[in-house]
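**Student:** Fold the following and give me the result.
(chains A and B)
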Amino acid sequence: MAKTVRDTIKDITRHHLTNKIGKCYGQCLTAVGWVGGTLPELYEEDGMVEFSMADVAGGAIATGIALAGGRPIYVVRYQGFQWYNLASVVNYAAKSKEIWNRPSPILVRSIAMEGGVGPVAGSSHHSMAQRMPGINVVAPMTPGEYQDTYKSFMENDEPYYISEHRKSYDNDKELYDQVGSTADFSIFPISITRLEMDKLRLLAMEADIDLNIFHQVWLRPYAVQENWKIGLQNSKYGGLVTDDDYVEGTASSIANELSIASGKVVRTLGLRPRTAGFHPTVDNLPPTAEEIINKLKEIKYGV
Amino acid sequence: MERKEYLEIFNKASFCRNFENELYRNIQAKNIKFPTYMSAGQEYIPATIHTIFESRGIDTNLFIQHRGHSHYLSKGACPKQLVDELLGRKSGCAGGMGGSASIHSHEKNIFGHDGLMGSQVPIAVGHCYETRKPTIVVMGDASAEEDYVLGALGWASTKNLPILFIVEDNNLSILTEKKIRRNWNMDEVASAFKIKAFDITDSPKDINNHLKDYNFDHPLFLNINTIRKYWHSGAGTDGDYFDRFEDQKTILGNEAEEIDNINKKRVKDIWQKQLEIL
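**Tutor:** As a prediction, the model looks like this:
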């Protein structure tokens, strides 16, 4: 059986701790569930260190550990909690190398989920980090992508914001781009919307819509790849960026970059511009394959 | 303490005071073109603390925020690089990026500040947790009110870290007095976190009494009452006030007067020389 994202994260963490590369910090790490099963069952003496429940202080303490060369893995169980936790990561860790030539390499595991978790805990919030210089923002959804991200972290001395999604934890497959010589649209999915792409392709086939799909993993620094540009230029109706965050952030920023590079219109689809409630009738969920195909049909057929 | 030690402390304080006075003159002369945060009036705190640990051979990591010039100078970091930093030069201690508020020194283990008031406290706690080395973190009475400072105190206590928390308490946040902002005292808060904490004056004797036997074998918290001389960027002063530096100069007499005159010339020469560099 292939290794899942969950097991990959767990193995990386075990490697990080047992080889004394660094420690793992966060709130309620050793509680029931071990953060969705992504942590090995280790304790403080092994390097699994419980912080108090002080979110802002926790992020800053982790930053201080990074400044001292401790290469911390800092786990934040809900991405929305980053509104508290991320202050010192983006304002100190991301700037210390540039201002004082003192790097603060920290790997922030920022975990998204949604569905009945309300106005803060739900969805991804990588846009808050993605606008800041000095930090790498990556959204790996496959075992291979997660390994590559960790390798990159270990080869560099900058902070990394890893935008995870709990729904990816069971995934054991790599996700590959789909490119045709011509297409109606080029889709640029981010985070959990990437796992909608197989279903989207099926729906697109039924609707006689040809798609290119270019998976988006590195959100910052962002570089438009040549094949994305060509794919977009060969797409009759332009592109669409899909995200698990509000569109007025990473999705719009990436759409703008792609649009400038290709000269094509690139649209966005993400969370609706309203607060998520707890009940399913008032929740705010990322775009599904059905919602994405409806958007594409609207553009192509006007329906 | 013996007279010799008082004079050593005075020497540092005098250098700091003259540095800040010279800086003030350069602000008035418009040679400094961005906000500066002077530590004059409060220099007896860094002068005393760093003299004590130097004399005991204890090497410390130091985390400061704005109004940190006197800590930088008292710990022996390069004054020329500080002048250059205040002039926005690449040769400055923070490459011209830090200005007045975010100064640092690799050589002297002084860590710069990002501008979020009080953020140096949890960052220092994290750094201390990783290194387990004697650490000093300095904040003002306003920064101390930041919620993340309180969370950091709690964790430092829980982990029994070798860290000295210093509040330079001038009773003011800009011009808003403490009594308007809160009805509690920081030493009481630190005590509630099970940290040994004291509310003291900035007299060298008082500071020494609380540090002479401290070996960084547990966290310690000192709320030190002091009075600043200049408002931010030298925009004004608090008027008549008790001046610890002048008080000590009077007590120590002619010898202190001579030391001060030497430092005045030394500082003036440093500034002049750096200003002459194009």
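
**Student:** Around chain A, pick out the residues from the stretch 101-250 of chain B.
**Tutor:** B:102, B:104, B:106, B:111-112, B:114-116, B:119, B:121-131, B:147-152, B:154-155, B:158 (CB under 8 Å from any CB of the partner chain). Yep, even glycine has a C-beta here, placed from its N, CA and C like the rest.

**Student:** of the residues you listed, buried ones?
**Tutor:** B:102, B:104, B:111-112, B:114, B:116, B:119, B:121-131, B:148-152, B:154-155 (16 or more other CB atoms under 10 Å in any protein chain shown).

**Student:** Narrow the residues you listed to those in strands?
**Tutor:** B:Phe111 (DSSP state E).

**Student:** just to revisit the earlier point, please narrow the residues of the stretch 101-250 of chain B next to chain A to those residing in helices.
**Tutor:** In this view, those that belong to helices under DSSP state H are B:121-131, B:147-152, B:154-155, B:158.

**Student:** ok, now which ones touch the residue lying closest to A:Val265 once chain neighbours are set aside?
**Tutor:** In space, and not counting its chain neighbours, A:Val265 is closest to A:Gly238: 3.9 Å by CB to CB, 6 or more residues apart in numbering or on different chains. Residues near A:Gly238 by CB atoms under 8 Å, 6 or more residues apart in numbering or on different chains: A:185-186, A:232, A:259, A:264-267.

**Student:** list the buried ones in stretch A:132-139?
**Tutor:** Neighbour-count burial for stretch A:132-139 [16+ other CB under 10 Å]: A:132, A:134-139.

**Student:** any idea how far the residue nearest to A:Val265 lies from chain B?
**Tutor:** Distance, A:Gly238 to chain B, using CB to the nearest CB, to the nearest Å: 40 Å.

**Student:** And that residue, how far from A:Ile190?
**Tutor:** 17 Å (CB to CB, to the nearest Å).

**Student:** what do you get for A:Ile292?
**Tutor:** 12 Å.

**Student:** Please identify every residue contacting each of the two.
**Tutor:** A:Thr242.

**Student:** looking at it, B:Ile64 is touching B:Ile110, isn't it?
**Tutor:** Yes: proximity of B:Ile64 to B:Ile110 meets the contact threshold set by CB atoms under 8 Å, at 6.6 Å.

**Student:** any residues in contact with both of these two?
**Tutor:** In contact with both B:Ile64 and B:Ile110: B:71-72, B:103, using CB under 8 Å, 6+ apart.

**Student:** in the helix ranked longest in chain B, what counts as buried?
**Tutor:** Counting by DSSP H, the longest helix found in chain B is helix B:3-28. Using 16+ other CB under 10 Å as the test for burial, helix B:3-28 gives B:6, B:8-24, B:26-27.

**Student:** Check stretch A:37-47 too.
**Tutor:** Neighbour-count burial for stretch A:37-47 [16+ other CB under 10 Å]: A:38-40, A:42, A:47.

**Student:** any idea which of those is closest to chain B?
**Tutor:** A:Gly47 (11.8 Å; CB to the nearest CB).

**Student:** Hmm, that closest one is touching A:Lys20, no?
**Tutor:** Yes: with contact defined as CB under 8 Å, A:Gly47 and A:Lys20 form a contacting pair (7.4 Å).

**Student:** ok so, going back, between B:Ile64 and B:Ile110, which one's more packed in?
**Tutor:** A direct count of neighbours by other CB atoms under 10 Å in any protein chain shown for B:Ile64 and B:Ile110 places B:Ile64 higher, at 29 against 23.

**Student:** gap between that one and B:Tyr37?
**Tutor:** On the measure of CB to CB, B:Ile64 and B:Tyr37 end up 11 Å apart.

**Student:** Show me the two of the buried residues of stretch A:132-139 that sit farthest apart.
**Tutor:** A:Gly134 and A:Ala139 (18.2 Å; CB to CB).

**Student:** what sits against A:Gln233?
**Tutor:** A:262-264.

**Student:** Make CSV out of those residues and add distance to B:Ile270 and secondary structure.
**Tutor:** Listed next are those as CSV, based on distance: CB to CB, whole Å; DSSP: H, G, I helix; E, B strand; the rest coil:
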residue, distance to B:Ile270, secondary structure
A:Ser262, 57, helix
A:Gly263, 57, coil
A:Lys264, 60, coil
